[in-house]
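Engineer: missing the sequence, but the structure's below:
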């Protein structure tokens, strides 16, 4: 049965651990309870915030004055599993994501093993098309069942309907849809997808493009993420974060060329050059972490805090234990503006800000 708590603190429900209280917090444990809570808030004209794992939220210090619906639904259904069609698995939005990945590895379901260690709940993964180490959930999602707040009905999106692009989807573009469950189409295989990242391949002792046992791939990803402070650990303030705070910029080719010129002017003609990866016709992707570091914001910048860059990874803005949301925003703003001043590139934040702006 759904529970309601007025004035509940929201900071403990997020991985950044900042933010004020909720007007009311409804914890919904079934799909019907999620729909009822959302519909009740919408019918009353009450501001609504949907919260699952809280790994991608920076909530304002003033909190959220409306209704916060915390999705705590559970359930994993294996719809089918055979070597011709693979495993079709439907997962409730509130299921822990890394728990699902661990089960997939144990069951021999290949396709999401490189997404090990990512905090949060399964329902959040299609919203921003979660990705890491060469995999994105868009590669394995078959369907997403949502509650359409405008039409007040359930609506199912196929993969093609979801508008998946780099860290984006139709679900992120608007607050209209609340994810209720996600169906994944996974391969039945003992081996991982081809290892796409050099650091991961080196850790595994294989060449890029090779496949490895699923358990080995998961272990290597967890080790790489832990080295960067990207596996949650309450005792390690480097993990009090939203993970990667900025997305990797995708630039028109002309702007990428201009970035390389500007980097040479700043760092010298024989200095390091910004990474460049193909990103479709007329576009290239570069590294946000490279830009942040070369703009002077190195690991541990602004230590001892209250907010500082991770001591393990420049891409993570962290709470050193007593940060407020305003401290997190101020540091992120300083990094964003500093990168623009240095290189002419405006970084785009990855987490969702609630009640304030960057």
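Structural biologist: Received the coordinates, thanks. Since we're looking at a predicted model, the values are computed, not measured.
Engineer: contacts and neighbour counts: CA atoms only from here.
Structural biologist: Noted.
Engineer: Leaving out chain neighbours, which residue sits closest to residue 150?
Structural biologist: Excluding its sequence neighbours, the residue lying closest to residue 150 (Cα to Cα, 6 or more residues apart in numbering) is residue 176, at 6.3 Å.
Engineer: got it, and residue 204?
Structural biologist: residue 220 (6.7 Å).
Engineer: SS state for that neighbour?
Structural biologist: Secondary structure, DSSP: H, G, I helix; E, B strand; the rest coil: residue 220 is helix.
Engineer: what's near enough to touch it?
Structural biologist: By Cα atoms under 8 Å, 6 or more residues apart in numbering, the residues touching residue 220 are 200, 203, 204.
Engineer: now residue 24
Structural biologist: By Cα under 8 Å, 6+ apart, the contact set of residue 24 is 4, 5, 6, 7, 8, 65, 66, 67, 68.
Engineer: what about the fifth one, distance to residue 61?
Structural biologist: Shown here: residue 8 relative to residue 61, a distance of 13 Å by Cα to Cα, to the nearest Å.
Engineer: remind me, longest strand of the chain?
Structural biologist: If you go by DSSP state E, the chain has its longest strand at strand 177-188.
Engineer: ok now do residue 120, which residues does it touch?
Structural biologist: Counting by Cα under 8 Å, 6+ apart, residue 120 touches 52, 53, 54, 55, 96, 97, 98.
Engineer: which residues sit in contact with the residue lying closest to residue 135 once chain neighbours are set aside?
Structural biologist: Once flanking residues are discounted, residue 135 sits nearest to residue 114: 6.2 Å by Cα to Cα, 6+ apart. Shown in contact with residue 114 (Cα under 8 Å, 6+ apart): 132, 133, 134, 135, 217, 218, 221.
Engineer: One more: residue 304?
Structural biologist: Residue 304 is in contact with residue 320, counting by Cα under 8 Å, 6+ apart.
Engineer: Show the pLDDT at it.
Structural biologist: What the model reports for residue 304 is a pLDDT of 97.
Engineer: how distant is the helix or strand containing residue 88 from the center of its chain?
Structural biologist: Using DSSP states H and E, residue 88 sits within strand 86-92. Relative to the centre of its chain, strand 86-92 is centred 21 Å away, using Cα atoms, centre = their mean, to the nearest Å.
Engineer: After that strand, which helix or strand is next? Please name it.
Structural biologist: Defined by DSSP H and E, the subsequent element after strand 86-92 is helix 97-107.
Engineer: Name the surrounding residues that touch that following helix.
Structural biologist: The contact list for helix 97-107, computed with Cα under 8 Å, 6+ apart, reads 110, 112-113, 115-122, 214-215, 218.
Engineer: Where do the helices of the stretch 101-250 of the chain begin and end?
Structural biologist: Taking DSSP state H, counting those that start in this stretch, the helices of the stretch 101-250 of the chain run over residues 170-173, 198-204, 214-227.
Engineer: Mean neighbour count, those helices: which tops it?
Structural biologist: Across the helices of the stretch 101-250 of the chain, the average number of neighbours (mean count of other Cα atoms under 10 Å) peaks for helix 214-227, which reaches a mean of 20.
Engineer: Okay, angle between that helix and helix 97-107 too, please.
Structural biologist: Between helix 214-227 and helix 97-107, the angle formed by their directions is 150 degrees, by axes from the mean of the first three to the mean of the last three Cα atoms, to 10 degrees.
Engineer: where does the stretch 251-358 of the chain dip in pLDDT?
Structural biologist: Counting by pLDDT under 70, not a single residue of the stretch 251-358 of the chain qualifies.
Engineer: what ranges do the helices span in it?
Structural biologist: According to DSSP H, counting those that start in this stretch, the helices that the stretch 251-358 of the chain contains are 253-267, 288-294, 325-343.
Engineer: To residue 23, which of those helices lies closest?
Structural biologist: Among these, helix 325-343 comes nearest to residue 23, with 17.7 Å by Cα to Cα.
Engineer: Mind putting the contacts of residue 114 into a markdown table with distance to residue 166 and pLDDT?
Structural biologist: Below are these laid out as a markdown table (distance: Cα to Cα, whole Å; pLDDT from 0 to 100):
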| residue | distance to residue 166 | pLDDT |
| --- | --- | --- |
| 132 | 11 | 92 |
| 133 | 13 | 92 |
| 134 | 12 | 88 |
| 135 | 11 | 94 |
| 217 | 23 | 96 |
| 218 | 22 | 97 |
| 221 | 20 | 96 |
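Engineer: domains of the protein?
Structural biologist: 3-71, 76-227, 237-354 (automatic domain parsing).
Engineer: Please identify, among the contacts of residue 24, the one with the most neighbours.
Structural biologist: Counting neighbours by other Cα atoms under 10 Å, residue 68 comes out on top of the contacts of residue 24 with 27 neighbours.
Engineer: Which secondary structure elements does the strand or helix carrying it sit against?
Structural biologist: Applying DSSP H and E as the criterion places residue 68 in strand 64-71. Under the contact criterion of 3 or more Cα pairs under 8 Å, 6 or more residues apart in numbering; DSSP states H and E, strand 64-71 touches strand 22-28, helix 31-44, strand 48-51.
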